[in-house]
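Enquirer: here is the input, now give the coordinates:
(2 chains)
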Amino acid sequence: MNTDDNNGVTAWLLQVDRLVNVAIGQFELIHIIDKPDYMSIPQAPEYCKDVVLWNSNIVPVMSLASWLTSEIQLDSTGVVAVVVYEDNQGKHKFGGIKLSNAPVQAKVSNEQQCQLTGEYDKWRKVSLSSFKSKAGDIVPIVDVSKLFSQILLS
Amino acid sequence: MIDMQFKNKLRRDNAKFHVSILSFAGIELIVPQSEILSIESIYELETSNGNERHIGMIHKQGMKLPVYCFSKSMDLYRSLPEDRFQCVVLKHDELIFSLLCYEITNAEISDIEFHNLPVCMDNNIIPLTHLCLYKGTDSVRKLGMVTSTARLNEYINKLN
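Expert: Predicted coordinates for the structure are as follows:
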């Protein structure tokens, strides 16, 4: 995330489920696709069963709501955040994250840092850290490279 | 990116890839045209009792070949859906079997890019070898799913 003043760093908050927000770095979100034209891949994991064509790239799309609940989720808004990350060979890749709402920017400071506990334990696998939002909710800071690696398959 | 062995299988001349597009249940699978042995009428199908993985058998070249029928999610159907009109016989080395399709079309595509499955979804179950980007007859760039006789055979054998 980008440190730009004493009030903290700028992050994007992504609402991935009715109740869950995650944060990613300011420069990791590069585009929003409204009502994407998905191609569903047969027998792919439920949380990552779709790809979209974006800027001549084949972009896998994650439903973190499906991953969290292990249930099929109906796509309520049809908004996808396109994020950029480096794969394990240092190449730039693109991934998509299904959203329940449009992303918003927020400032995050060190004082807000907290532990992932209880129902948020699952996020440890793909999180760099976490913080408490002003509303008091725990917000995992997602490691985008890990999210789009094979880690969720294991 | 794609391995050369597969690319060579698809390429018949220097300019174009010769593929067949198998359509069923709203999905399209792209396979090398060289692996299509024949296309048979659905009326040749002898349906089986529903306890097998295949939906029936057809006779081809003195052999009885199993005929499989996939849903949109590529689970096996045990009874014949109404939207299948053609039966494609796929052959690669010693492997030979048939799939029921809605439609089978041949295409020569010059502008096609093959991509490995994204690592985050590649669970070793997906019955595809690659994804691809290609220009359809309307010159619009499209996403495609690529498979092969060997991959489909491996997939079917793992199904219950």
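
Enquirer: where's the spatially closest residue to B:Gly144 that is not a sequence neighbour, which helix or strand?
Expert: Of all residues not flanking B:Gly144 in the chain, B:Cys132 sits nearest, at 4.4 Å (C-beta to C-beta, 6 or more residues apart in numbering or on different chains). (Glycine included, C-beta is placed from N, CA and C.) Taking DSSP states H and E as the definition, B:Cys132 sits inside strand B:130-135.

Enquirer: quick check: mean pLDDT across that strand?
Expert: For strand B:130-135, mean pLDDT is 95.

Enquirer: ok, stretch B:114-126 next?
Expert: 96.

Enquirer: hmm, back to that, who are the contact partners of the residue nearest to B:Gly144?
Expert: Applying C-beta atoms under 8 Å, 6 or more residues apart in numbering or on different chains to B:Cys132 gives the contacts B:Ile30, B:Ile112, B:Glu113, B:Phe114, B:His115, B:Leu143, B:Gly144, B:Met145, B:Val146.

Enquirer: ok now the strand holding B:Cys132, how far from the chain's centre?
Expert: Mean-position distance between strand B:130-135 and its chain equals 15 Å (C-alpha atoms, centre = their mean, to the nearest Å).

Enquirer: elements contacting the helix or strand following that strand?
Expert: Using DSSP H and E, the helix or strand that follows strand B:130-135 in sequence is strand B:141-146. Secondary-structure packing of strand B:141-146 (3 or more C-beta pairs under 8 Å, 6 or more residues apart in numbering or on different chains; DSSP states H and E): strand A:50-54, strand B:27-32, strand B:130-135.

Enquirer: what count of nearby residues applies to B:Asn49?
Expert: Using other C-beta atoms under 10 Å in any protein chain shown, B:Asn49 has 7 other residues around it.

Enquirer: and the pLDDT for it?
Expert: Confidence score, pLDDT, at B:Asn49: 76.

Enquirer: what kind of secondary structure is it in?
Expert: coil (DSSP: H, G, I helix; E, B strand; the rest coil).

Enquirer: tell me what the top helix by length along chain A is packed against?
Expert: Secondary structure of chain A read by DSSP state H shows that its longest helix is helix A:64-69. Judged by 3+ C-beta pairs under 8 Å, 6+ apart, the packing partners of helix A:64-69 are strand A:92-99.

Enquirer: what does the strand it packs on rub up against?
Expert: Residues contacting strand A:92-99 (C-beta under 8 Å, 6+ apart): A:14-16, A:30, A:33, A:36, A:50, A:52, A:54-55, A:57, A:59-65, A:73, A:75, A:77, A:79-87, A:144, A:147-148, B:118, B:120.

Enquirer: how about 6 Å then?
Expert: For strand A:92-99, the external contacting residues (C-beta atoms under 6 Å, 6 or more residues apart in numbering or on different chains) are A:14-15, A:52, A:57, A:59-63, A:79-85, A:87, A:148.

Enquirer: give me the pLDDT for residue 82.
Expert: Because you didn't say which chain, this covers chain A. For A:Val82, pLDDT reads 98.

Enquirer: I was thinking of chain B, sorry if that wasn't clear
Expert: pLDDT for B:Glu82: 90.

Enquirer: which SS state does it fall under?
Expert: Reduced to three states by three-state DSSP, B:Glu82 is coil.

Enquirer: phi and psi next, for it.
Expert: Per-residue torsions, B:Glu82: phi -80, psi -10 (degrees, to the nearest 10).

Enquirer: now do the longest helix seen in chain B: distance to the chain's middle.
Expert: Counting by DSSP H, the longest helix found in chain B is helix B:149-158. When distances are taken as C-alpha atoms, centre = their mean, helix B:149-158 is centred 10 Å away from the chain's centroid.

Enquirer: who does A:Leu14 bridge with?
Expert: Beta bridges link A:Leu14 to A:Val22, judged by DSSP bridges.

Enquirer: near chain B, which residues of chain A show up?
Expert: Contact residues (C-beta under 6 Å from any C-beta of the partner chain) of chain A with chain B: A:39, A:41-45, A:48, A:53, A:58, A:60, A:148, A:150, A:153.

Enquirer: hmm, try it at 10 Å
Expert: A:37-45, A:47-53, A:56-62, A:87-88, A:93-95, A:146-153 (C-beta under 10 Å from any C-beta of the partner chain).
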